[in-house]
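Q: predicted coordinates and the sequence they were generated for:
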Amino acid sequence: MKKHYTLILSAFIFIIASGITAQTVVTIPASTDPTMPTDIFPFIMGDTTATGDRNDANTIYKLENGQVYITTGRIVNKPEWDLHIEAVDLTDTANKPIISRIPNASGEYPDIMRPEGNVTLRNIWFVVGEKGPLEQHDWGKIRYMGDDTRVIADHCIFEKDRGGFFQLRGNNIKLYISNCVLRNGGNRRILQGNGRAVDARNTSLDTLIMTNTIVYNLQDRFFRSQGATEPHNYIEIDNCTSFNNAGRHGFIQLGRVNTAKITDNLFIDPIMLGSSPIFTDEQTQPDNDLHKVITLDTLYDATSLEISNNNVFWNQEVMDYWASNDTVSAPGLLSDLVMESLGAAAPDAFFSEPLELNSVPGTIIEYVSDLYANPAAEDMFDFIVEDVALAGTAFDSGNLFDFSTFDPCYGTDTESADASTDNGPIGAFASCASLTNVFDVEINEALALNVFPNPMSTDLSFAFTLQDASDVSVYITDMNGRTMSQPLSNKLGAGEYNYSFDISNQFSTGMYLLTLKTEQGIMTQKIIIQ
């Protein structure tokens, strides 16, 4: 993937305000023995007493970039202390630390973590459920268990879990996912319903905000909401890219929700199984078992949906397969209740412009055709894609890709390049140099703009550095470009600056842009107000 302008329009840069609470930073050294990676379990849980209390409740654990780590036990925090794991170098997103597993003394593969308190994960690569060459991956090795907790994942990779990458098992969780990659989810070589990006099963979310995230090669859904009796409070899926999803039970299943915003996304082949309910035996769809891309189970009087400017299409070889199989046809895009909620705005929910991404893994239509040919088979095409470095090894399933060339970007001579609600590109484009240039924004990283906390509700603080005296303005716009506030406009000398102001009762919940404009350049960050 091209990595340019990592600060501009990055969905969230999560900075802990300095000076509020003293933090301990523990760098966990990588092993010098490549056959035995460092075990992070004793470092993290060693700071916890037998009763679950912490010796230090405010520790950041840093892992060395490009190194492999394991955990031989389940990492669990409590509501009284945050679990915070990040790379030593947050800017080196091409060389993330890797967290994986090996069998413990009894031969079992341990869970990675089941946090009960807040979690922050930054620039980490999680190989969640790997169990060896061509074996079915484990299920649910990371689960978020705490009610009323906050989970942040930024610039992370999650792969190889048979269940959901974000399995939410607590109520009222606030989940913020930005700049991440979620891939290779589900049961390989067989028909199953597992393999989800975000899974809210029997739980109600306070907040889900997912932006600039890439999701691909899943067997099931992008988002599953099932079983909760109370509606989710707020769901936002914005500027994400998804492709190669079999869609065993659909794609985005909102279930019950008060407010949802699904905007500016690129969804390629979101349900490759098509509309047929023939293999839907675990859960049903709300419209008589017919697959739809975005579904709603319950429409409340207060339900508010904004669904717009999403590019949704299927590749030609997928449509050709459907044409050859009379049990399958293209699924609808919006379920009946979604259509009813949107009313006259429903035609604005999506458009269809076939795009060719620069360099991504090939289609998994062979898996779909194998499934329809013999749903009882256990040797279907393996939709789990591996790196070409594993060619000829026991991990080589015949579905290989050179991940050093991964580039889910597209050309600027397309409708999608300037079709979003804020006149920018569709999909997860923040690391696409050609697409970010659409904004024609001067980048000067010396400004060191930091916004915190992010997300926020009552107070907003921002810090920046000036190398020389300059006219300075800071303004906040909504995603349609309307200026909502200008907290700073002044002539300032060289130096470091830190400002705070009260935003309570000034903004509705959602995403905004905070822009710092100086004579040295311009820098912008997305902010979340909840």
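A: Arrived safely, thanks for sending. The model shown is predicted, which means the values in this text are computed figures rather than measured ones.
Q: quick check: the gap between the nearest residue to Phe165 once chain neighbours are set aside and Gln23.
A: Closest residue to Phe165 apart from its sequence neighbours, by Cβ to Cβ, 6 or more residues apart in numbering: Phe158 at 4.1 Å. Quick note: C-beta positions are derived from backbone N, CA and C, even for glycine. Note on Phe158: its distance to Gln23, by Cβ to Cβ, to the nearest Å, is 25 Å.
Q: of the two, which one has the most company?
A: Using other Cβ atoms under 10 Å, the more surrounded residue of Phe158 and Gln23 is Phe158, with 25 against 13.
Q: so who does that one touch?
A: Phe158 is in contact with 126, 128, 142, 165-166, 180-183, counting by Cβ atoms under 8 Å, 6 or more residues apart in numbering.
Q: of the residues you listed, which is the most crowded?
A: Busiest of these [other Cβ under 10 Å] is Phe165, holding 30 neighbours.
Q: about what we covered before: do you know the pLDDT at the residue nearest to Phe165?
A: Listed pLDDT for Phe158 reads 98.
Q: can I take it that it is in a helix?
A: No. Per DSSP: H, G, I helix; E, B strand; the rest coil, Phe158 lies outside any helix segment and is strand.
Q: tell me the bridge partners for it.
A: Applying DSSP bridges to Phe158 yields these beta-bridge partners: Phe126, Leu182.
Q: quick revisit: between the contacts of Phe158, which is nearest Pro37?
A: Phe126 (13.8 Å; Cβ to Cβ).
Q: quick one: contacts for the closest one?
A: Phe126 is in contact with 98-100, 112, 142, 156-159, counting by Cβ under 8 Å, 6+ apart.
Q: got it, and Asp92?
A: Asp92 touches 65-66, 123, counting by Cβ under 8 Å, 6+ apart.
Q: Asp402 now?
A: Asp402 makes contact with 387-388, according to Cβ under 8 Å, 6+ apart.
Q: repeat for Arg74
A: Applying Cβ under 8 Å, 6+ apart, the residues contacting Arg74 are 110-114.
Q: try Ile307
A: 260-263, 294, 334, 338, 342, 345, 349-350.
Q: how about Gly362?
A: Neighbouring residues of Gly362 by Cβ under 8 Å, 6+ apart: 399, 401.
Q: for it, give its distance to Asp269.
A: Gly362 is 11 Å from Asp269, by Cβ to Cβ.
Q: hmm, back to that, need the contacts of Phe126 in CSV with distance to Thr229, can you?
A: Below are the contacts of Phe126 laid out as CSV (distance: Cβ to Cβ, whole Å):
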residue, distance to Thr229
Ile98, 39
Ile99, 35
Ser100, 37
Ile112, 30
Ile142, 25
Cys156, 31
Ile157, 34
Phe158, 28
Glu159, 32
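Q: restricted to buried residues, select those in ChimeraX.
A: Listed next is the ChimeraX selection for buried residues among those, using 16 or more other Cβ atoms under 10 Å:
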select :98,99,100,112,142,156,157,158,159
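Q: pull the CA atoms of stretch 49-69 into PDB?
A: The C-alpha trace of stretch 49-69 is given here as PDB (Å, rounded to 0.1, in the frame of the first residue of the first chain):
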ATOM      1  CA  THR A  49      -1.900  -9.000  41.300                       C
ATOM      2  CA  ALA A  50      -3.900 -12.200  42.000                       C
ATOM      3  CA  THR A  51      -6.900 -10.100  42.800                       C
ATOM      4  CA  GLY A  52      -6.800  -8.300  39.500                       C
ATOM      5  CA  ASP A  53      -5.400  -5.000  40.900                       C
ATOM      6  CA  ARG A  54      -2.600  -3.200  39.100                       C
ATOM      7  CA  ASN A  55       0.800  -2.200  40.300                       C
ATOM      8  CA  ASP A  56       0.500   0.600  37.800                       C
ATOM      9  CA  ALA A  57      -2.900   1.400  36.200                       C
ATOM     10  CA  ASN A  58      -1.600   3.600  33.500                       C
ATOM     11  CA  THR A  59       1.100   1.700  31.400                       C
ATOM     12  CA  ILE A  60       1.700   1.800  27.700                       C
ATOM     13  CA  TYR A  61       3.400  -1.400  26.400                       C
ATOM     14  CA  LYS A  62       5.500  -0.800  23.300                       C
ATOM     15  CA  LEU A  63       6.600  -3.500  20.900                       C
ATOM     16  CA  GLU A  64       9.500  -3.200  18.500                       C
ATOM     17  CA  ASN A  65       8.600  -2.600  14.900                       C
ATOM     18  CA  GLY A  66       9.000  -5.600  12.500                       C
ATOM     19  CA  GLN A  67       9.400  -8.100  15.300                       C
ATOM     20  CA  VAL A  68       7.300 -11.100  16.200                       C
ATOM     21  CA  TYR A  69       5.800 -11.600  19.700                       C
END
